[in-house]
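K.L.:
please work out how this folds:
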Amino acid sequence: MTHIPRAVCVGCGREMKTEKQGMVAQSISTFGPYYKIQADKLKCELCGYEILCGWAHDPLTEHFKPGFEKVRFDIEFVFAGEGYSHHDEERLAEGIRVLQQHLKIMEYKLARAFKTQAMPPEDRWRGDEA
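P.N.:
Next comes the predicted model:
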């Protein structure tokens, strides 16, 4: 039996849907770009949270190989422990914003479940099917 991984949004509890297959991601190390590899981008349809998963076994190219700079990429990422990138502050701010939105959604769902007064969350919230 083949195992098919499924991703579920922790904040919303919904299964994430594939938005783009074969996206090229560039790994950033302490010294700069390290390798480029393919992955799939999944997105939560309720809150818009996105992840990369389904990584290829081998990179498309690595920093020491000829033509590395010519291979285009869709997104950059930093592995934990690989050092600081100037993109970290932007990613942290975006992560905090997404977590705050998840919290608003969960507060709204709890208020509806217990029939208390609550304001619906704005921005990316698209409704509750419960």
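K.L.:
residue 36: neighbouring residues, count only.
P.N.:
Using other CB atoms under 10 Å, residue 36 has 21 other residues around it. Any C-beta I mention is one placed from the backbone N, CA and C, and that applies to glycine too.
K.L.:
per-residue confidence at the residue positioned nearest the centre of the chain?
P.N.:
The centroid of the chain falls nearest to residue 51 when counting by CA atoms, centre = their mean (2.5 Å). Residue 51 carries a pLDDT score of 88 in this model.
K.L.:
am I right that it is in a helix?
P.N.:
No: Residue 51: not assigned to a helix; according to DSSP: H, G, I helix; E, B strand; the rest coil it is strand.
K.L.:
can you name the residues bridging to it?
P.N.:
residue 42 (DSSP bridges).
K.L.:
residue contacts, it?
P.N.:
When the contact criterion is CB atoms under 8 Å, 6 or more residues apart in numbering, the partners of residue 51 are 7, 16, 41, 42.
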